[in-house]
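Student: Following is a predicted model, sequence given first.
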Amino acid sequence: MIIRYDPDFIEKLKKANVRIRKSFKQNFLIFSKNPEEPQLHNHPLREEWQGYRSIDITNDYRAIYTEKTEGKEIIAYFVALGTHKELYSKK
């Protein structure tokens, strides 16, 4: 699996506090080895995030990605990072 990031995702990660960045790095390593690792709580999303998946970064922070296929490769494309409330609250 190849992992890519939306530029907005990178900006959000750079602005996150050190605890979030450290947790993301640790969970990214786990994800790159096994995206289905139980501690990531990797699951499909519904409603406005239909077609995307979420993994846990901390108890409250999530990273949202979608899977795309290019040739024979699967691409995990991370598009959003934030707290549960930031990502899933209806505006």
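Tutor: Okay, I see it. Note that the structure is predicted; figures quoted are calculated from it, not measured. Numbers count the residues shown, from 1 in each chain.
Student: and the residue positioned nearest the centre of the chain, which of the three is it?
Tutor: Against the mean C-alpha coordinate of the chain, by C-alpha atoms, centre = their mean, the closest residue is A63 at 2.5 Å. Following DSSP: H, G, I helix; E, B strand; the rest coil, the label given to A63 is strand.
Student: That one and G71: what is the separation?
Tutor: Note on A63: its distance to G71, by C-beta to C-beta, to the nearest Å, is 25 Å. Every residue, glycine included, has its C-beta placed from N, CA and C.
Student: now V18
Tutor: Between V18 and G71 the computed distance is 37 Å (C-beta to C-beta).
Student: Buried residues, the helix or strand hosting D8. List them.
Tutor: In this assignment (DSSP states H and E), D8 forms part of helix 7-15. By neighbour count, and taking 16 or more other C-beta atoms under 10 Å as the criterion, the buried residues in helix 7-15 are F9, K12, L13.
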